[in-house]
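**Student:** Sequence unavailable; structure follows:
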């Protein structure tokens, strides 16, 4: 059972991951062997890319959610659910860290 992800939590991008924009998608690329366990390149759509770029270790997920709802016409409750799902995926593949 994993740790619950809350909107007041703060995350940052792993220093072992770099991102590159390729044909309109943001692609996450491991730069160290340990993170090389990613079975495939991890591509983010426009909304997920905005969330990724906001994960700077200073903003809460609630603040990231506010950025998403300000940028895209999306229901806040649905966006929150999608953001928490994205965070779970990013945690599972080891590309973000809490704090």
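**Tutor:** Now that the structure is in, tell me what you want to look at. The structure presented is a predicted model; accordingly, all values stated were derived computationally and were not measured.

**Student:** Surely residue 77 forms part of a strand?
**Tutor:** No - according to DSSP: H, G, I helix; E, B strand; the rest coil, residue 77 belongs to no strand; its state is helix.

**Student:** any idea how far residue 83 is from it?
**Tutor:** 11 Å (C-beta to C-beta, to the nearest Å). No exception for glycine: its C-beta is placed from N, CA and C like everyone else's.

**Student:** which one of the two has more residues nearby?
**Tutor:** It is residue 83, of residue 77 and residue 83, that has more neighbours when counted by other C-beta atoms under 10 Å, with 22 against 8.

**Student:** got the contact list for residue 27?
**Tutor:** Taking C-beta atoms under 8 Å, 6 or more residues apart in numbering as the criterion, residue 27 is in contact with 19, 20, 21, 41, 42, 43, 44.

**Student:** Buried ones among these?
**Tutor:** 19, 42, 44 (16 or more other C-beta atoms under 10 Å).

**Student:** pretty sure residue 65 contacts residue 83?
**Tutor:** Yes - Residue 65 is within contact range of residue 83, at 5.5 Å (criterion: C-beta atoms under 8 Å).

**Student:** Report the central residue of this protein.
**Tutor:** In the chain, the residue lying closest to the centroid (C-alpha atoms, centre = their mean) is residue 52, at 4.0 Å.

**Student:** Now it: closest residue in space, sequence neighbours ignored.
**Tutor:** Among residues not flanking residue 52 along the chain, residue 44 sits closest, at 5.7 Å (C-beta to C-beta, 6 or more residues apart in numbering).

**Student:** Can you give me the distance of the one you found to residue 87?
**Tutor:** Counting by C-beta to C-beta, the separation of residue 44 from residue 87 is 12 Å.

**Student:** can you check residue 31 too?
**Tutor:** Noted for residue 31: a distance of 21 Å to residue 87, by C-beta to C-beta.
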